[in-house]
Every structure is written in C-alpha cells, then in structure tokens.
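Student: okay, sequence plus prediction incoming.
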Amino acid sequence: MKEKKLEKIIAIVGPTGSGKTALAKFLSLKYNGTLISVDSRQVYRGMDVGTGKDKTFPQELIDIKDPSENYSVADFQQMAKEVTQKILKTGKMPIFVGGTGLYFEAFLYDYKIPDLKEESLKLRLELEKLSDEDLSQKLKELDPDSSETIDPKNRRRIIRALEYTILNDQPFSAQQKRGKPVYKALILGIDLPRETLYAKIDARVDQMKKDGLVEEVRQLISKYPYDLPSLNTIGYKEIIEYLQGHLSLPDAIQKIKYATHAYARRQMTWFKRDKNIKWIQKQEEADKLVNNFLKTK
C-alpha cells in the first residue's frame, strides 16, 4: 500500500532565552505561518512578564487557563491536534515554538500517555512526607535519566515521576511510547554558546524586573494561593519569597538567573536526545532550511 503523505509543520525549540519567539515571528511572516506556543506556563492568564509572553503577535495556546486550573501534557497533545488541523485548513503553516520538550514530542510522535493507577493517591501521600532532597535522591536511584531533566525543586513533577516508576515498575523516562510521526516536521533547535545564552538570560531577567515582574506576582498572589503548582515556577517562586520577606529583591533576581541557567541546561539535555532536530545559531541558517523543506515533496 502507498504510504499516506504527511502534512508539513515547523517547530522551533531550544533553551529559554535563546531567541525562539523572534525567529518564529520572522519565519511566520515570511512563510505565511501561525504560531503555536509550546510552553507549560504561557497557557496561564496573568502570567505574562515572568513567562516571557510576546503579545505583539498572535499565538495559539496562550492565555487559555487560569493559574488555578490544571494543564497536562495530555491536554496539550489534544489541543495541539485540534489547532494544527484548524491552521492547515486555512492554508497556513503551523509553526510550533517553545521550550517544553515533552509537550511537543507527545504531539509530534503521538505518545500514548498512560493513566496512573488507583494506588497513586496512597503512594503520593507517602511521597509528600519526604523532603525535596530525599525525593530527588530517590528519583536519581530509580530513574537517573529523569533526574537529569526534572528540576530538583519541582516536587510535583518528581512525585509524579516516582509514582509512575514505582507503580509501573519501569522508569518514568521510558513512559512515552513513540508512535510514527503524525506530521512531516522540520524541527529547528537554537544552540547558542553557553556564555552567550547565559548573558541573554540575565538581560532578559533584568528586563522582566523593569517590566513589572514584582507587581505581576503581587497581583497573582492577591487572587490565588501562593503555593499553586502554576506559581511553583522560576521567576514566580523567587519573587514570592521576596514578597514574603525571605529574600531581598537583588537576591531574588540573582536566584532567578541561576535557576534559569540550570533550567536551560536541562532543556538542552532533553532536546539533544532527539536526532531529528537540526541545530542552528543564526536566522539565515533557519531560513535556508525552511525554504528547502517547503520545496521538497
């Protein structure tokens, strides 16, 4: 039988602060594209400054949830399928852009995402009793691959990984079962020298402070509990510590920078696993690759 011809999409991935959105905007204008955000925090309304949202340009899958609502990889997978088909029907090019690697992989490779078993609640209550350090150590022992890509301070994600690993008797990192790609994708990854990336991150954090990050967080915690999972996010949790009097503002800003450096390293560890990504540093390289990709059948 003749194989079904796959429709084309473009994706721009890479670490936070590397310039993904600027590149996506350029390609979108040149190649009649519509941007789809691949970001687990830009989905939340009111979380604009600290997530680096760019609202000067239309994007799908931003501002679709309140910070008090849950949003999972399965939610993204389903919504991305729907919005991609909507965009293709208009004759435009879907351009995915963002740094939440698991979300994009789940969509592109049609991951079969398992439900956690009923025993999860009992186990979760036991795991909740452990300290951050104990949880991280347990994950390192049971699933070293996941421990490299999950923030050691992200209790919720570590506990979920441990739940899956313990209940299913296999590593959380092996949970994703890849199907065949559902689209023909050109995946561009931005790979900057580490010193350049860190400098861009630091400048970005300084700009967030000027753009009103502290006021944004103050408004959020006046409406929502400060310990929501959505607010357990780099940039927000440090400013919450400042507002609670646990940190000075300069210390909070420096802490955000260091945490973002570490997050960028974890993102690169994740993306380097995918051999389908074409790594670039300059806009011209991306432009050439997209031009060639769209010419091929």
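Tutor: Great, that's in hand. Numbers count the residues shown, from 1 in each chain.
Student: may I have the phi/psi pair for the nearest residue to residue 113 once chain neighbours are set aside?
Tutor: Leaving aside its chain neighbours, residue 113 sits nearest to residue 74 (5.0 Å; criterion: C-beta to C-beta, 6 or more residues apart in numbering). For glycine as for every other residue, the C-beta is placed from the backbone atoms N, C-alpha and C. Here is the backbone geometry of residue 74 (degrees, to the nearest 10): phi -70, psi -40.
Student: can you map out the strands along this structure?
Tutor: 8-13, 33-37, 59-60, 93-97, 184-190, 277-280 (DSSP state E).
Student: turn these into TSV, columns for mean neighbour count, distance to residue 208 and mean pLDDT.
Tutor: Converted to TSV, the strands of the chain look like this (neighbours: other C-beta atoms under 10 Å; distance: least, C-beta to C-beta, whole Å; pLDDT from 0 to 100):
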stretch	mean neighbour count	distance to residue 208	mean pLDDT
strand 8-13	24	21	98
strand 33-37	23	18	97
strand 59-60	20	19	97
strand 93-97	25	19	98
strand 184-190	21	20	97
strand 277-280	16	26	98
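Student: what's the closest of those to residue 294?
Tutor: Taking C-beta to C-beta, strand 8-13 is the member of those nearest to residue 294, at 7.0 Å.
Student: name the strands paired with the closest one and say parallel or antiparallel.
Tutor: Strand pairing for strand 8-13, using DSSP bridges, gives strand 93-97 (parallel), strand 184-190 (parallel).
Student: angle of it against strand 33-37?
Tutor: 50 degrees (axes from the mean of the first three to the mean of the last three C-alpha atoms, to 10 degrees).
Student: pull up the gap between the residue nearest the centre of the chain and residue 60, please.
Tutor: By C-alpha atoms, centre = their mean, the mean C-alpha position of the chain lies nearest to residue 100, the distance being 1.9 Å. For residue 100, the distance to residue 60 equals 14 Å [C-beta to C-beta, to the nearest Å].
Student: show me what contacts residue 79?
Tutor: The neighbours of residue 79, taking C-beta atoms under 8 Å, 6 or more residues apart in numbering as the test, are 61, 64.
Student: find me the pLDDT at it, would you?
Tutor: We have a pLDDT of 97 for residue 79.
Student: cool, residue 131 as well?
Tutor: pLDDT recorded at residue 131 is 89.
Student: count of residues packed around it?
Tutor: Neighbourhood size, residue 131 [other C-beta atoms under 10 Å]: 9.
Student: ramachandran coordinates for it?
Tutor: Torsion angles, degrees, to the nearest 10, at residue 131: phi -80, psi 170.
Student: distance of the closest residue in space to the residue nearest to the centre of the chain that isn't next to it in sequence from residue 227?
Tutor: Excluding the flanking residues, the one nearest residue 100 by C-beta to C-beta, 6+ apart is residue 40, at 4.6 Å. Residue 40 sits 18 Å away from residue 227, taking C-beta to C-beta as the criterion.
Student: who's more crowded, those two?
Tutor: Neighbour count, other C-beta under 10 Å: between residue 40 and residue 227, residue 40 has more, with 20 against 10.
Student: tell me the contacts of that one?
Tutor: 71, 76, 100, 103.
Student: from residue 278, how far out is it?
Tutor: 24 Å.
Student: so where's the stretch 101-250 of the chain uncertain?
Tutor: 114-119, 172-178 (pLDDT under 70).
Student: the helices in it, which residues?
Tutor: 101-108, 120-128, 132-142, 144-149, 155-168, 194-210, 213-223, 237-243, 249-271 (DSSP state H, counting those that start in this stretch).
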